[in-house]
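Enquirer: Next comes the sequence, and after it the predicted model I'd like to discuss.
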Amino acid sequence: MPVLRSRIDPKSDDYKANYAHMSGLVDKLKEELTRAHEDRSDKAKARNAELGKLTVTERLDKVLDRNSPFLEIAPLAAHDMYDGRIHGAGSRAGIGVIHGREVFISANDPMIKGGTIYPMGVKKTLRCQTIIMENRLPSINLVDSGGAYLPMQSEIFPDVDDGGRVFYNQALISKMNIPQITAVMGLCTAGGAYIPAMSDHVVHVQGTGAIFLGGPPLVKAATGEEVSAEDLGGAKLHCSESGVSDYLADDDAMACEILREIVSMLPAQKQADYPRRAPAAPLYDPREIWGVVPPSLSTPYDIREVIARLVDGSELLEFKQLYGPTLVCGWAHIHGTQVGILGNNGVLFSESALKATQFIQLCDRQGIPLLFLQNISGYIIGRDYERAGITKDGHKMVAAVSTATVPKFTVMCGQSFGAGNYGMCGRAYSPRFLWTWPNAQIGVMGAEEAAKVLITVKNDQLAREGEPPLTSEFEEFIRGPVKQAGEKEGNAYYSTANLWDDGIIDPAKTRDVLGLALSASANAPLDGRDQGHSTFRM
């Protein structure tokens, strides 16, 4: 394959300024991740130790293979929501390795409000189940939760995408013959009792683990009966009498070892046959991406400079290089797996959209996963472009993205605005995984552009009514709040808090994150590639 030759000068002032800016953003990201993993009250830590429980981090370490990679999902979910301390929406989750086999593991954190479930916790669980189903990954649950956070029950319980959907999905996962293994390490209350009940294997920790539809306080309130958690739903009861649980563990450590043994006996999984070759490192250090990306989203840069630091040997076979040049399309390898890459180099024109449509269809027919590198302000607008068919050509690209059956992966490297987010496989277009860089912004349009549109609309209204246009003071009165809201709600941390992505990542780690995700996605066979495509308007 042709090799990309970088034109970046690491000694230039621009490179150094870019590098310093991104370095600061990555430092902030590391601080936020550390806070999410470690910020627990002394009272919660003492209570956890008093009960003889391991911390969530210790549980993960004991279950997963030593020194194996762990691809954490949504570690900053619910960031700065609620009281600012519902870190990770109350749990940790991700793709790990047990006895050399990739699994999806989720763990409630009892040191965050006793493991109670907040609305964003439900959303995170549903996202995790989607990953499990799409990638056919065995599901491991480390349950330790007091159930729904009752003051917010109306946001947790009744709707199609609320708590009940978790158990609906468990039934689907079972029907898909995906193993579900649960360790009951603490309370497993109310609807949460269905998590072990609907699993294939249940490990139950004696003394701390308890399963019941209604806990002791509810039983007393409803029936007047006084009963302890252990007598109501402890390990011995469920292992010897009810039959809900299958394996009795003396403590967390023993439960983790039993989990590992169960995974070791799972049957082999059929995998997708992606085109592969021996992996090779890029010619350029991935950390140089820090110096490639400018601080301002409006400053253009060549996405090939990013690609050269992501792909094996910095090799890219570019498709239609001279046609639709604002979109780079081409074939490359990441950690040995072939991928089709689409990366923005400016606004999307009709030619760009048509090029993307053909390229996506080729990859889909050949069973090659797709990688979208988003830095997009949108599709071109204006009378001449509408006459030339930008709307129908953009539709073709959106339709091709929607109907592609190969795994899709998206990284928001900068701007992600308007229909450009759609065409470049935003969250609504079901990429297997989507990550955000800390500099990224997402929205219908940029904050400044949104303010200008509202001012123009208001002035047009005033003109129709025979009134003079807005004064500069009134324009600023409109512009200020719109810009402030747009910058806040388009921010990468706002995005990840709301689970619009699977996490903010260090740009320098993008290659390795993609390698792990590609490996995980291969656990599911490639299906449905003979189903054709949607109708294209000519």
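Expert: On my side now, so go ahead.

Enquirer: neighbours of residue 214, just the number please.
Expert: 17 (other Cβ atoms under 10 Å). Placement of C-beta: from N, CA and C, glycine included.

Enquirer: nope, residue 271 is what I meant
Expert: So residue 271, with other Cβ under 10 Å, has 15 neighbours.

Enquirer: That one: what's it in contact with?
Expert: 522-525 (Cβ atoms under 8 Å, 6 or more residues apart in numbering).

Enquirer: with these in mind, which one is nearest to residue 87?
Expert: The closest of those to residue 87 turns out to be residue 523 (Cβ to Cβ; 28.5 Å).

Enquirer: I'd say residue 208 and residue 50 touch.
Expert: No. Using Cβ atoms under 8 Å, residue 208 makes no contact with residue 50, being 10.6 Å away.

Enquirer: quick one, which of those two is more surrounded?
Expert: More crowded of residue 208 and residue 50, by other Cβ under 10 Å: residue 208, with 24 against 8.

Enquirer: other SSEs contacting the lengthiest helix in the chain?
Expert: The single longest helix within the chain, with elements called by DSSP state H, is helix 13-38. With contacts taken as 3 or more Cβ pairs under 8 Å, 6 or more residues apart in numbering; DSSP states H and E, helix 13-38 sits against helix 289-292.

Enquirer: swap the cut-off to 10 Å and go again
Expert: helix 56-63, strand 71-72, helix 289-292, helix 492-497 (3 or more Cβ pairs under 10 Å, 6 or more residues apart in numbering; DSSP states H and E).

Enquirer: tell me the mean pLDDT over stretch 114-133?
Expert: Average pLDDT, stretch 114-133: 96.

Enquirer: How about stretch 287-306?
Expert: Stretch 287-306 shows an average pLDDT of 96 in the prediction.

Enquirer: That stretch: which residues count as buried?
Expert: Judged by neighbour count using 16 or more other Cβ atoms under 10 Å, the buried positions of stretch 287-306 are 287-294, 297, 301-306.

Enquirer: which regions of this protein sit below the pLDDT cut-off?
Expert: 528-538 (pLDDT under 70).

Enquirer: Regarding stretch 184-201, how distant is the last residue from the first?
Expert: One end of stretch 184-201 sits 11 Å from the other (Cα to Cα, to the nearest Å).

Enquirer: And for stretch 248-256?
Expert: In stretch 248-256, first residue to last residue: 12 Å (Cα to Cα).

Enquirer: Likewise for stretch 481-499?
Expert: With Cα to Cα applied, stretch 481-499 spans 25 Å between its terminal residues.

Enquirer: ok, and for it, which residues are buried?
Expert: By neighbour count with 16+ other Cβ under 10 Å, stretch 481-499 contains the buried residues 482-483, 486, 490-499.

Enquirer: Over to stretch 332-348?
Expert: Buried-residue list, stretch 332-348, by 16+ other Cβ under 10 Å: 332-345, 347-348.

Enquirer: of all those, which comes closest to residue 258?
Expert: For these, the nearest to residue 258 is residue 335 (32.4 Å; Cβ to Cβ).

Enquirer: how about the closest one, what does it touch?
Expert: By Cβ atoms under 10 Å, 6 or more residues apart in numbering, residue 335 lies in contact with 276, 279-281, 311-312, 511-512, 514-516, 518-519.

Enquirer: 8 Å instead, please
Expert: By Cβ under 8 Å, 6+ apart, residue 335 lies in contact with 279, 312, 511-512, 514-515, 518-519.

Enquirer: Over to residue 203?
Expert: Counting by Cβ under 8 Å, 6+ apart, residue 203 touches 181-184, 245-247, 249, 255, 258-259, 262.

Enquirer: For it, what are phi and psi?
Expert: phi -100, psi 130 (degrees, to the nearest 10).

Enquirer: now do the one 5 residues further on
Expert: Here is the backbone geometry of residue 208 (degrees, to the nearest 10): phi -120, psi -30.

Enquirer: ok, residue 352 touching residue 320?
Expert: No. Residue 352 lies out of contact with residue 320 (Cβ under 8 Å); the separation is 9.7 Å.

Enquirer: Narrow the contacts of residue 203 to those in strands?
Expert: With strands defined by DSSP state E, the entries of the contacts of residue 203 inside them are 181-184, 247, 249.

Enquirer: Need those residues in a markdown table (columns: distance to residue 384 and neighbour count).
Expert: Formatted as a markdown table, those follow (distance: Cβ to Cβ, whole Å; neighbours: other Cβ atoms under 10 Å):
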| residue | distance to residue 384 | neighbour count |
| --- | --- | --- |
| 181 | 59 | 25 |
| 182 | 60 | 27 |
| 183 | 62 | 30 |
| 184 | 64 | 31 |
| 247 | 69 | 19 |
| 249 | 70 | 25 |
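
Enquirer: hang on, the earlier thing: so after the longest helix of the chain, what's the next helix or strand?
Expert: helix 42-50 (DSSP states H and E).

Enquirer: Quick check: the gap between residue 85 and residue 79.
Expert: 11 Å (Cβ to Cβ, to the nearest Å).

Enquirer: Okay, and the beta partners of residue 334?
Expert: Judged by DSSP bridges, the bridge partners of residue 334 are residue 337.

Enquirer: From residue 229, how far off is residue 458?
Expert: In terms of Cβ to Cβ, residue 458 sits 61 Å off from residue 229.

Enquirer: And these two? Which one has more around it.
Expert: Shown here are residue 458 and residue 229; by other Cβ under 10 Å, residue 229 has more neighbours (18 against 15).
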